[in-house]
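Student: just coords:
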């Protein structure tokens, strides 16, 4: 749709016209550069494998089984013409992936009844962990228990989006020799934090309070852009970015309620 | 608990804020306005000096330990990447596991710690020479150096495998060099934490780097990976070092992975034409698409690289015939199926004497290999208990001389030792074994000195090629052995290279008394009676007490325990555990010994029913010493027990070639023919065996069973009655008689045998439930038979393995319970 030059100008204008997901879809529809689309899809899957694992685990599969299934799932998606089959829910990569994994697991369950799986041989404990997905971090156990597979998928998706944005921000800071600054201010990125102690931050960073405020503002600005960019990659229409973020906020709020209850 | 969700929600909501934004440029300009450079910050006990690498989940720094001031490398998993406390715990645990690997070519982990923000890290040796990736430009001009490095790397990887850790991401970047250019493998088993790729492989949750990972690693579940995946990666690294690129290239990871699983790797010499052909073969062997076609272990690869460095022939010939045939059939499945049956017998015959893809002296052109046999030295004077001196000298000389690459020592077999040797006998034996020369001699002992004469005779005409007399104290036994073996090698080969001389004078003990005890141990072990085995144990123990690093003594001890298990002596599990411990110890001292691998294979197969484990041990033994008869013997027997008769018979025939006069090998060959339902061939083979040793009970038993199978009941019963009714006869002979009685309709006699066995079982003597089941099978009482087989399973009776192929149990094969039992054995 747009050339690289146009994409660059978008950074300034806060619009994200070319996103990975739209690139994938346009290539598929128009018989465009299939190879590029496939690489882009692989890249997206790479970013969002954790929700898939968690979903499958939540469907009652053991860790090794879930790992096998997730593996099969990604291979199927990447190697087949899966995209063409998926007409609905194409607007957002998240919905597409969720729907796909739901279908895939449903069929896997049918196959499962027919085939008895052999036991794998494990050398190290890693594999088991892998399938469990690590991001139970920010999600309390009882919240996890109260959520269905699809809600859990979305919840993990939300954490992934935020994680990626934070990670990129950290990388950008570190590449400029400001990792310590980032580490110190990271906890204050959400602007609704009311308990920020600027004097103590200034003290620990050995800079003025004004500079702390300036830096925090700068980091927030950049974080917002990175977050939106992250979400933009997963929607077809940039106008959907806000909706997608709102959807994820709702998911989090529901999880938070579940956790509190 | 939900605070973090709330925080997350707040952060997400930031994305909805409409307030301004920072372009990258503005952001960066503002960022550096804050005068808080990272500088030398601290992490635990370390001062971070600089970042030297960054990966998907982690970052690597050069750092200084605060008190010792030593420079280390630190790897840290970033908290936001590996985001749960559980993840961090696991990282810690795995780093700790990796830190327990101590090998001169594995980068040592000094400390596993935790930073102030809770992110775990580990510190390790700082390898100043950078990685192979950086060094490869220089290295590719020096293939010899590449091989030297990779041999060490392969050894290190083998060590990791032996400790249950797969590397999973071997690539040039994970092999570091120190100041002296020594290689160190890093990130053992930790690849997934520190993965430096951001491509499809991560998407698929496979960790490894495309271009270097095995095809099965990209496609299959990670849990099913085997060491063969690391062998592939080692080959890919080697390939890269020689050519400057990995075997497969592609525009993106998926393309690379697809190629690796669909196409054979390019041949090295198509890219670097001047390279040695053997190196191409070695690389190709690692890069086989099918894991089972690769080197069987990283150790085997190391061995071949070392062979190449020493200018010796490598073990990986071009593809071994069975693999080639298999490949062909894979490409042409339909055609293969149609012709398989027709080709099957022809192929079996053709492969029979084509030895493995290893340099067996047996398979080498006879003109290059001199064959010899060493007869026990005759005891002229001395107490009868000194007989061990004669066999001990022969054993040691056999072992020493056999180390010379182009001398093959064929063993006359233990049973032949009771013959009284004279010159005519020696030559007759030599001709029987079809060897070129015979070494024999005499030994006499007087007080602490002994006289030894030795002579080397040309087999076909008795010409004395060399002879000598020694008069020495026993303490100088090594000098005698060295002098004899060197003289023999010189006489056979015309001269002796320095390398061969070194091989000849290698001793695994320098303590003559330990050596003497070992002689005695082997002497009694060869008797193979319960008392003999117990005595051998005592001597092996003595040898070990005298020299705790005497590897052969441990190997002997393992053999003794392994065989004691069959002597119906309990506790079986105790003997098994000790056999394994002794074999393992022997290997710890000398990893090049073939014997302990064979013993471990034997133990794993018969006592632990670990088919795969056993096969791997047997193969290691054969790889280490392709002319070790016992390894072929035991391996072949185990293959036959699994119904892999063609392979089994092939192995046993190799064993028979190495030890043509060994009654036990000949008998087991006959046994396999019987199990393969070839009773005529079995009968013929057993008759040959009985010519070698007329009293071998096993030969009588299977001769009788083969005759019974052909309906020749009377001669079968006569044969069995002879041995079953001899005093002290073992339960197996009685049970076989009872079985044949039953089949012949002589029910009363069968029941009498049954009651006798039951009675023995309820008394002190151990009777295997398998044998009781066998009599029930003869009587046609299937339910009872199966019940006793179940008991055999509960007692982990090694005999139970027979039921998979033994024709004696054919009448049970239609029983679902029998099938279920068979299946549960997992054979």
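Tutor: Looks like it came in fine. Predicted model, so just to flag it, every value in this text is computed and none were measured.

Student: Where does the prediction get shaky in the stretch 51-200 of chain A?
Tutor: Scanning the stretch 51-200 of chain A for pLDDT under 70 picks out the ranges A:63-64, A:67, A:80, A:85-89, A:110-145, A:193.

Student: List the contacts of the spatially most distant residue from the centre of chain A.
Tutor: Ranked by distance from the centre of chain A (C-alpha atoms, centre = their mean), the top residue is residue A:208, with 35.8 Å. For residue A:208, the contacting residues are residue A:202, by C-beta atoms under 8 Å, 6 or more residues apart in numbering or on different chains. C-beta coordinates here come from the backbone N, C-alpha and C atoms, glycine included.

Student: What ranges does the stretch 701-827 of chain B have for its strands?
Tutor: In order along the chain, the stretch 701-827 of chain B carries no strands (DSSP state E, counting those that start in this stretch).

Student: in it, what residue is nearest chain A?
Tutor: Nearest residue of the stretch 701-827 of chain B to chain A, counting by C-beta to the nearest C-beta: residue B:826, 10.8 Å away.

Student: Mind jotting down where the strands sit in the stretch 51-200 of chain B?
Tutor: For the stretch 51-200 of chain B, the strands defined by DSSP E, counting those that start in this stretch cover B:58-65, B:71-77, B:109-114, B:120-125, B:175-177, B:183-185.

Student: Which of the ones you listed sits closest to chain A?
Tutor: The closest of the strands of the stretch 51-200 of chain B to chain A is strand B:58-65. By C-beta to the nearest C-beta, the value is 8.1 Å.

Student: could you say what helices and strands the closest one packs with?
Tutor: Counting by 3 or more C-beta pairs under 8 Å, 6 or more residues apart in numbering or on different chains; DSSP states H and E, the packing neighbours recorded for strand B:58-65 are strand B:46-54, strand B:71-77, helix B:191-194.

Student: Please convert those to a markdown table, extending it with mean neighbour count and distance to chain A.
Tutor: Formatted as a markdown table, these follow (neighbours: other C-beta atoms under 10 Å in any protein chain shown; distance: least, C-beta to the nearest C-beta, whole Å):
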| stretch | mean neighbour count | distance to chain A |
| --- | --- | --- |
| strand B:46-54 | 16 | 8 |
| strand B:71-77 | 22 | 11 |
| helix B:191-194 | 24 | 6 |
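
Student: Format these as TSV; extra columns: mean pLDDT.
Tutor: Below are these laid out as TSV (pLDDT from 0 to 100):
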stretch	mean pLDDT
strand B:46-54	77
strand B:71-77	83
helix B:191-194	50
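
Student: Would you mind giving the ones you listed as TSV with distance to residue B:691 added?
Tutor: Putting these into TSV (distance: least, C-beta to C-beta, whole Å) gives the following:
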stretch	distance to residue B:691
strand B:46-54	71
strand B:71-77	68
helix B:191-194	60
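
Student: Report all helices and strands that the helix or strand containing residue A:75 contacts.
Tutor: Element membership of residue A:75 [criterion: DSSP states H and E] is helix A:63-79. For helix A:63-79, the packing partners by 3+ C-beta pairs under 8 Å, 6+ apart come out as helix A:34-47, helix A:49-58, helix A:93-114, helix A:126-132, helix B:200-203.

Student: between these, which gets nearest to residue B:629?
Tutor: Residue B:629 lies closest to helix A:126-132 among those, at 41.4 Å (C-beta to C-beta).

Student: Now the closest residue to residue B:448 other than its chain neighbours: phi and psi?
Tutor: Nearest in space to residue B:448, with sequence neighbours left out and distances taken as C-beta to C-beta, 6 or more residues apart in numbering or on different chains, is residue B:473 at 5.7 Å. The phi and psi torsions at residue B:473 (degrees, to the nearest 10) take the values phi -80, psi 160.

Student: separation between residue B:473 and residue B:445?
Tutor: Note on residue B:473: its distance to residue B:445, by C-beta to C-beta, to the nearest Å, is 11 Å.

Student: and those two? which has more neighbours close in?
Tutor: Neighbour totals were compared for residue B:473 and residue B:445, and residue B:445 leads with 17 against 12 (other C-beta atoms under 10 Å in any protein chain shown).

Student: wait, is that one part of a helix?
Tutor: No. Read with DSSP: H, G, I helix; E, B strand; the rest coil, residue B:445 is strand and lies in no helix.

Student: Pairing partners for it in the sheet, please.
Tutor: Beta-bridge pairing of residue B:445 under DSSP bridges involves residue B:450.

Student: Would you confirm that it contacts residue B:386?
Tutor: Yes. Residue B:445 is in contact with residue B:386 according to C-beta atoms under 8 Å; the separation is 5.2 Å.

Student: so what's in contact with those two at the same time?
Tutor: What both residue B:445 and residue B:386 touch, as defined by C-beta under 8 Å, 6+ apart, is the set residue B:379.

Student: Quick one: mean pLDDT over whatever helix or strand residue B:260 lives in.
Tutor: For residue B:260, the host element (DSSP H and E) is helix B:253-262. Helix B:253-262 shows a mean pLDDT of 74.

Student: Can you name the secondary structure element that comes next after that helix?
Tutor: As assigned by DSSP H and E, the chain's next helix or strand after helix B:253-262 is helix B:268-271.

Student: Would you mark the buried spots in that next one?
Tutor: Within helix B:268-271, the residues that qualify as buried are B:268-269, counting by 16 or more other C-beta atoms under 10 Å in any protein chain shown.

Student: Sounds good, over and out.
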